[in-house]
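Asker: sequence and computational prediction follow.
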Amino acid sequence: MNQLMPSQLHDARSNGRTLVFSAIRRNAPVARVDIAKITNLSPATVTSITAELLTAGLIEEVAVENSGVAGKRGRPRVDLKIRGAAHIVVGIKLSDNSATYSFLDFEGKKIAGYVHPSAQETYCLPELMTFLTDGYSAALTDAGLEESSISGMGLGLPGVVDAEAGIVLWSPVLIEKNQPLQQKLADTFSIPVFIDNDANLVAVAEKHIGLGKNAQNFVVITVEQGVGLGIVINGKIYRGTKGCGAELGHTKVQLDGALCRCGQRGCLEAYVGDYALLREAGTAMGPLEGANPQEQMQALLAAAKKGNTVAQSIIRRAGRMFSMGLANVVNIFAPELIILSGERLQDSFLYGDEVINDMKKYAVQSGDLMPEVKIHSWDNQMWSIGAATFAIDGIIDIALAKIR
């Protein structure tokens, strides 16, 4: 009979811990016997691994009342859950006018949130480091937390990010290209740091705690200043080579069309993003009321609702272009679910019946093959919650690897 080598035994044990921890994370509170069924591991193996996780302080036991016969209370069943106090992480969403911070415990529950405003829209790397450091200090103070209590940091920002290497290849908020932002942050704060494209991190949050929790193949489309796409295939985030995939906002919808902030022309984002709509409105309607782009967008939408034909034309074209982008996603990925999220998705011109019907018209699939479309109106911290959830994923890997 073949015997496993020590390295193989270690790998099998490590894989078992990952399976058990994932089962507890997704199904908590959950009994050991049910973990065995979910993971296809033997009850003895599950008992041994959960003992290791309890000793490491990563999980905890909770009593669950069982109903006895004839209404009598039965003996409490002992289930397992993630120990929230084991770690605290921070997630940061960097945008063109602020950095939003969310603190989560190890269980994924939100502890506190903070928004650090900025007068700048773009930064050189030293300016960005100063801005994030100042914001982090203010966020910790506001939350009543010590820097020493934070186990890890996640950062999401728009653009093309090589998450594995921790390099920002290009971002509209960062002047330089190919910047090792992950290492800069890790050196500054002396904790593990994980960075990714912001739309990917919304997909991470949807996968763990949102509408995608029970879906294996889904996409998240976000619309704010730009258009983002997070793709989940077989339960895993798809990023493409060096994070260069999933750039829905920079797919082309018109040859030699409107100028995009990426420098190219005809991108979907150049017709749907806030800056694109405001640019067109400024040319056709003149200056809009409002001290910032958010207020100006509200003024444009209000004008359209009041019957301004120019404003309505701008909004309608954005809706048509967006439906074309949705149809392209359906044709390429055939997801079971499309989640529309982001600040602009609070306005129905991007998810109304006309837009969804146009998506179905442009898509090759039909009937039962058409994905379900859901709107998820997170609060303004959805991005940073996704970044924090991403950090939890990374801290889990580190914590499990320490168990021998």
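Answerer: Cool, the structure landed. Residues are numbered from 1 along each chain as shown.

Asker: residues in contact with whichever strand or helix holds residue 111: which ones?
Answerer: Element membership for residue 111, per DSSP states H and E: strand 110-117. Applying C-beta atoms under 8 Å, 6 or more residues apart in numbering, the contact partners of strand 110-117 are 88, 97-105, 131, 134-135, 138-139, 142-145, 380-381, 384-385. Where C-beta positions appear, they are placed from N, C-alpha and C, glycine not excepted.

Asker: please redo it, this time with the cut-off set to 6 Å
Answerer: 98-105, 135, 138-139, 142-143, 381 (C-beta atoms under 6 Å, 6 or more residues apart in numbering).

Asker: each with direction, which strands does that strand pair with?
Answerer: strand 98-105 (antiparallel) (DSSP bridges).

Asker: residue ranges with poor pLDDT in the protein?
Answerer: Low-confidence segments of the chain (pLDDT under 70): 1-10, 66-75, 342-351, 379-380.

Asker: mind listing what residue 254 touches?
Answerer: Applying C-beta under 6 Å, 6+ apart, we find residue 254 in contact with residue 266.

Asker: look up how far residue 267 lies from it.
Answerer: 9 Å (C-beta to C-beta, to the nearest Å).

Asker: which parts of the strand holding residue 111 are buried?
Answerer: 110, 111, 112, 113, 114, 115, 116 (16 or more other C-beta atoms under 10 Å).

Asker: elements contacting the helix or strand following that strand?
Answerer: Sequence order places helix 125-143 as the next helix or strand after strand 110-117, per DSSP H and E. Secondary-structure packing of helix 125-143 (3 or more C-beta pairs under 6 Å, 6 or more residues apart in numbering; DSSP states H and E): strand 98-105, strand 110-117.

Asker: how about helix 125-143 as CSV, C-alpha atoms only?
Answerer: The C-alpha atoms that make up helix 125-143 are tabulated as CSV, following Å, rounded to 0.1, in the frame of the first residue of the first chain:
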residue,chain,number,x,y,z
LEU,A,125,2.6,58.5,-5.1
PRO,A,126,4.1,60.5,-2.2
GLU,A,127,0.9,62.7,-2.0
LEU,A,128,-1.2,59.6,-2.0
MET,A,129,0.8,58.0,0.8
THR,A,130,0.4,61.1,2.9
PHE,A,131,-3.3,61.3,2.2
LEU,A,132,-3.9,57.6,3.1
THR,A,133,-1.8,57.8,6.2
ASP,A,134,-3.6,60.9,7.5
GLY,A,135,-7.0,59.3,6.7
TYR,A,136,-6.0,56.1,8.4
SER,A,137,-5.0,57.9,11.6
ALA,A,138,-8.3,59.9,11.6
ALA,A,139,-10.3,56.8,10.9
LEU,A,140,-8.7,54.9,13.9
THR,A,141,-9.3,57.8,16.2
ASP,A,142,-12.9,58.1,15.1
ALA,A,143,-13.4,54.4,15.6
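
Asker: now it against strand 110-117, angle please.
Answerer: 130 degrees (axes from the mean of the first three to the mean of the last three C-alpha atoms, to 10 degrees).

Asker: and the strands in the stretch 151-300 of the chain?
Answerer: 160-162, 167-170, 193-197, 218-223, 227-233, 236-238 (DSSP state E, counting those that start in this stretch).

Asker: still on that earlier bit, which one, of the helices and strands packed on helix 125-143, ends up nearest to residue 162?
Answerer: Smallest distance to residue 162 across the helices and strands packed on helix 125-143 (C-beta to C-beta): 21.0 Å, for strand 98-105.

Asker: which other residues reach that closest one?
Answerer: In contact with strand 98-105 (C-beta under 6 Å, 6+ apart) are residues 84, 88-93, 110-118, 135, 139, 143, 381, 384-385, 388.

Asker: what residues go with each domain of the chain?
Answerer: 6-82, 87-203+382-401, 213-375 (automatic domain parsing).

Asker: deepest in the core, which of those domains is it.
Answerer: domain 87-203+382-401 (a mean of 20; mean count of other C-beta atoms under 10 Å).

Asker: tell me how far the ends of it are from each other?
Answerer: The separation between the terminal residues of domain 87-203+382-401, taken as C-alpha to C-alpha, to the nearest Å, is 15 Å.

Asker: cool, stretch 274-293 as well?
Answerer: Stretch 274-293: ends 8 Å apart by C-alpha to C-alpha.

Asker: likewise stretch 113-130?
Answerer: Terminal-residue distance, stretch 113-130 (C-alpha to C-alpha): 20 Å.

Asker: same check, this time on stretch 23-31
Answerer: From start residue to end residue, stretch 23-31 stretches across 10 Å - C-alpha to C-alpha.

Asker: now do that stretch: everything it contacts.
Answerer: Against stretch 23-31 from outside (C-beta under 6 Å, 6+ apart): 35, 38, 39, 59, 62, 64, 79, 80, 81, 82.

Asker: okay, angle between the longest helix anywhere in the chain and strand 218-223 too, please.
Answerer: What stands out as the longest helix in the chain, according to DSSP state H, is helix 309-333. Per the same axes, to 10 degrees, the angle that helix 309-333 makes with strand 218-223 is 160 degrees.

Asker: from the contacts of stretch 23-31, which is closest to residue 48?
Answerer: residue 35 (11.9 Å).

Asker: and that closest one, that's in a helix?
Answerer: Yes. Assessed by DSSP: H, G, I helix; E, B strand; the rest coil, residue 35 belongs to a helix.

Asker: on that earlier part again, Serialize the contacts of stretch 23-31 to CSV and add fields for secondary structure and distance to residue 190.
Answerer: Shown next, in CSV, are the contacts of stretch 23-31 (DSSP: H, G, I helix; E, B strand; the rest coil; distance: C-beta to C-beta, whole Å):
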residue, secondary structure, distance to residue 190
35, helix, 35
38, helix, 37
39, helix, 35
59, strand, 27
62, strand, 33
64, strand, 39
79, strand, 36
80, strand, 32
81, strand, 30
82, strand, 25
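
Asker: good, wrapping up.
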